[in-house]
Each structure stands twice: as C-alpha cells, then as structure tokens.
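> Have a look at this prediction, sequence included:
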Amino acid sequence: MPEIRAFRGLRYAPDHLAAKTLAPPFDVIDEAARRRLLAGSPYNVVRIDKGPQGHGESWYREAAELKAEWLAAGILQRDETPALYGYRQVFVVDGQERERIGLIAAMRLQPWGRGIHPHERTRTGDRADRLMHMRALGANMSPVFGLYSDPKGETDPLLRVPSDALLLEAEIEGVRQSFWRIGDGETVAALQALLAQRDIVIADGHHRYETALAYQAERRAAEGDPAGTQPYDYVMMYLTRAEAPGLAILPTHRIVRGEQELDQESLLHSLHADFELRPLWNRALWQQALAQAARDSVALGLALPDMGAFVLRLRDPDRLAAIAPEAPQELRRLDVTVLEKLLLEPLMGISPQSLAAGERVSYSIDADAAMAAVAAHEAQAAILLNPTTVDQVWQAACHGVTMPQKSTYFYPKLLTGLVFHPLVAM
C-alpha cells in the first residue's frame, strides 16, 4: 500500500518565497506566459523549470547550474529536519467559493496498480522533457497530484491551517494560497498511518510519476541496485481527499488544426449518422446547452469556421458497445471516449498516436478562446466538452482503465516553487 514520508525540502528562503517567484506547472505555460514570469523576478522558478520554446539539451545543464548558484547564494535553502507540507487553495468556480486542502509528501514509488493508479494516458513529449530535466537538476520540482478516498474525513483535523507560522499566504491569479510546514512527529505519524490504508489515484502529473519511475530504474541500474531505500525511490506528491467538496474538475476543450482544409459540410453530414445536431445560436450559453443535452446521453459542442456552432447529442448512448467492444464499460459514456471513437479518428483522421504526439489537437479550458480561434480561421474546429466527474475518474482508475489524454483539468493547478524534493545527496 502507499507509503509516504517526510523529507528535507529544498525551498526559497523566506525573503524570496513570494507570488513573483512561483509559477504554474510547466506544461500549462506557453512562451508568452514564460516571458511574463521571467520579467516578474530574476528568481522566478520558471528559470530553472521550463526552457524557452525550441530549446536544446544545453538548457537543462544551464538550469542545473543556475539552481546551484541560487543554493550557494542562499536564495534556496534546505530544511534542517524532515517535514510534510500543508497546502490550501481557496478559489471560485461557477460563482461559488471553494476550498481545497492537502499535503505534500515524499511518496514511495510503486509500479502502476500497486496502490497507485493512473486515470489517463500521457503525451510522449512531456515525459522525454521531464526525464532530461530530472537528470540535470536531481530533484522533483513540481508535485504529482494524487487523490485518496477518505469518506469520513479522518485526515481533516490533521490538515487544519495554522493561525501563524505560515510560509506563504498570498493571492495569485485569483486563488488564495496558503503553505505551511508540518514538522510535528505525532501529526506526521498519524498521516502516514491513515494514508497507508488507502489507494492513490493520480489526478494530474502522470508524466511526472512515469518520469520518476524511469529515473529510479536508471539510477538503480547505474548504481548496481543498492540495498536500502534511496532518495530517488520516492516522488514528491500532493495528496487531497477525493470526497472533499472543494475538488473541482473543469472540462478541457479541443482545438483542431491542420494544413489541409477541412470539408465542413461533409463533416456535418457524416455526424448525422450518430448525433442529433442542434444549432447553438447563442454561443454564450454553450455550457447550459451542453449540460442539458447530456442529461440522458452524451453531448459535445462543435464550432466550425463557416458552418456555425452546434450541440451534438449522441442518438444511442450505448453506441460504443457496438463499434468499440474493446472499450471498457467505465469509458463508454465519457465525452472524451465518444469524441475519439466517433469524431476525431473516423471523421477527422486523428489517430490516438497523433493525439499522444500532440500533432493536430491542442487543449484549453477557455471555451470562448477556443471558439474565437475558429472564428478567426486560426483553427479548423473547436470541440467543447462537459466536465468529467471525480467518481468517473476514481472508478476508471481503480478498474485499471485509462482515459484519453486531457480527460480532466483539476482546478486550480498546484503552484511550482513552494518546495522541491532532492533526489541526490546535498
């Protein structure tokens, strides 16, 4: 079963830990955002976590050298004693304020299925980048995001936000962020005991977990498989309760691009075989229209440059059982599965391999921006989805079923830069 432990975190010194030195995870930062973060502080974590667009292998070495300089100058410092770290985010979704509280720990690496379960497939490019990054910097720079089931809330009293001794209290892009150290041995032991009884489902950061497994295998092979546990046998992970009311999943919409012109009229004609097409006259009401159409079936939104916007309602909710009998029951009524099996692959020629490589499809949680790209003829199509539920994620993962890439967007993202987990002796 999952094993967590406290660790001696590498952190920004108190006078440097601030909103201006933190950043979102590397995989949601585009080049423009990266430059904005760099302009905000010479010590923003993005300087050592994400290279410029099109960078070569030399960037990883430069990032490692800069990390060493920051450590020598006291900008970064290592905790003297091991600890877990508490992390709270307060945010607004659909007009309602929510609170999500969890802890950051070192989690013992296990192969998939041994108490730790993925819920979606990953893109190959991200894994290759993070492995080179981990080799160079010798640390987990961002936590994997994991869920554990705790219906009774037994861990809640152990994760109360302290009234003082906070390492960070700041509002960053509309989210109130609180971060603190849990160094009390009794509390650490209680959390270890409670979490040892529970499976973990990865919510976000699958590629970081897979990279940690690859790095562990590499290091053990190079060192002759040493006895005893090593720092690289663990990965930094943020853990939060799956049943907590503050857990929010946003839909991740698809933006389709391509060099060849899309035959929009033919696409709509082909869609009639499986979907009812309802014109979406008011695009501002897409969310309500899509949710209503999905009450007893599966529904997608589709925006095309010249033909307008539509709600696609699947005529037969059990259609996938006939055309894709290999698809597990847990996936047959998911928006993302219907999207891949009935639209992207058969009608637009976008295979699972193409999706994994990120060749034609990009992703956005901003439906208005996705539709604007289509209206400006910067994209061939925008496909809008309803959000996946936490229960769907949990059921699929625990049955050994992996969803397609970007099936979920857990909001808000965890900040990078709060604490790092060293994988080498320091």
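Nice, thanks for sending it over. Residues are numbered from 1 along each chain as shown.
> which ones are touching the residue nearest to residue 211 when sequence neighbours are not counted?
Sequence neighbours aside, residue 130 is the residue nearest to residue 211 in space, at 4.2 Å (criterion: C-beta to C-beta, 6 or more residues apart in numbering). (C-beta placed from N, C-alpha, C; glycine too.) Listed by C-beta atoms under 8 Å, 6 or more residues apart in numbering, the contact partners of residue 130 are 207, 208, 211.
> which of those residues lies closest to residue 91?
residue 208 (22.3 Å; C-beta to C-beta).
> Check which helix or strand that closest one maps to.
helix 206-222 (DSSP states H and E).
> average pLDDT across that helix?
For helix 206-222, the mean per-residue pLDDT is 95.
> Okay, buried residues for it please.
For helix 206-222, burial by neighbour count (16 or more other C-beta atoms under 10 Å) applies to 206, 207, 208, 209, 210, 211, 212, 214, 215, 216, 219.
> list the contacts for the third one?
It stands for residue 208. Counting by C-beta under 8 Å, 6+ apart, residue 208 has contacts 130, 140, 142, 144, 235.
> Relative to residue 68, how far out is it?
Using C-beta to C-beta, to the nearest Å, we find residue 208 at a distance of 22 Å from residue 68.
> Looking at the contacts of residue 208, which are in helices?
residue 130 (DSSP state H).
> Restricted to buried residues, select the contacts of residue 208 in PyMOL.
Only the buried entries of the contacts of residue 208 go into this PyMOL selection, using 16+ other C-beta under 10 Å:
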select buried, resi 130+140+142+144+235
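> For residue 12, give the beta-bridge partners.
For residue 12, the beta-bridge partners are residue 76 (DSSP bridges).
> Surely it touches residue 78?
No - between residue 12 and residue 78 there is no contact under C-beta atoms under 8 Å: 11.5 Å.
> Adding distance to residue 386, write the contacts of residue 130 out as TSV.
Listed next are the contacts of residue 130 as TSV, based on distance: C-beta to C-beta, whole Å:
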residue	distance to residue 386
207	25
208	27
211	31
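> Helices of the stretch 51-200 of the chain, residue ranges please.
Ranges of helices in the stretch 51-200 of the chain, per DSSP state H, counting those that start in this stretch, are 58-72, 124-137, 185-195.
> Centre of the chain to the first one, how far?
On the basis of C-alpha atoms, centre = their mean, to the nearest Å, helix 58-72 is displaced by 26 Å from the centre of the chain it belongs to.
> Over to stretch 386-399?
Put simply, stretch 386-399 sits 14 Å off its chain's centre (C-alpha atoms, centre = their mean).
> Tell me the buried residues in it?
386, 387, 388, 390, 392, 393, 394, 395, 396, 397.
> now do stretch 156-168
So for stretch 156-168, counting by 16+ other C-beta under 10 Å, buried means 158, 159, 166, 167, 168.
> Which of the buried residues of stretch 386-399 fall in strands?
Of the buried residues of stretch 386-399, none are assigned to strands by DSSP state E.
> nearest to residue 353, of the residues you listed?
Distances from residue 353 to these, taken by C-beta to C-beta, are shortest for residue 396, at 21.2 Å.
> hang on, that closest one packs against residue 402?
Yes - contact criterion C-beta under 8 Å: residue 396 and residue 402 qualify, at 7.3 Å.
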